[in-house]
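K.L.:
Requesting a structural model of the entry that follows:
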Amino acid sequence: MRRTVLPAASALALSALAAMFIAFPAVARAEPDLQAGKALFATRCASCHYVGRNARGAFGPQLNGIFGRQAGTTTDFQYSDAMRTSRVVWSHDTLSAFLRSPAKVVPGTKMRFWGLGNDKQIEDLLGYLQTFR
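P.N.:
You can find the predicted model right below:
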């Protein structure tokens, strides 16, 4: 049986790579702080959006059941053409990107929000929004 010998640098790189996968089998998201998400919603979102039992479109669309919903499809809000034709389906990833930079995800959106740069705040806010199915 023939044995392949790797150069020392390659063997070292492979063992380091294997150690990374053993130590970090998957990138896990931190548990969201729902109270922090609620507070963030109250200070950064609630002036335009509603959630909860009596949620309705106002200056912005209501956000109940946003996960899995196609952008621009609630009937109680008049969306921009950009949002209606975007074909974005709201998921954790698309909402995270949108919250970071709305105009990059949906160029031409009429949402006037400069974005959030803090990953933990985004996780907390999305965790809070997930409670409104």
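K.L.:
Now do stretch 110-117: distance from first to last residue.
P.N.:
20 Å (C-alpha to C-alpha, to the nearest Å).
K.L.:
For stretch 124-133, measure first residue to last.
P.N.:
So stretch 124-133: terminal residues 16 Å apart, C-alpha to C-alpha.
K.L.:
Please, where are all the helices along the protein?
P.N.:
8-23, 34-44, 81-84, 92-100, 102-105, 119-129 (DSSP state H).
K.L.:
Now the first one: average pLDDT?
P.N.:
Confidence for helix 8-23, expressed as mean pLDDT, is 42.
K.L.:
Nearest to Gln62, out of the helices of the chain?
P.N.:
Nearest of the helices of the chain to Gln62, taken as C-beta to C-beta: helix 119-129 at 11.1 Å. Glycine gets a C-beta too; all of them are placed from N, C-alpha and C.
K.L.:
Of all the residues in that closest one, which ones are buried?
P.N.:
The neighbour-count check on helix 119-129 (16 or more other C-beta atoms under 10 Å) flags Gln121, Ile122, Glu123, Asp124, Leu125, Leu126, Gly127, Tyr128, Leu129 as buried.
K.L.:
lowest average confidence, helix or strand, in this protein?
P.N.:
Ranked by mean pLDDT, DSSP states H and E, the weakest helix or strand in the chain is helix 8-23, scoring a mean of 42.
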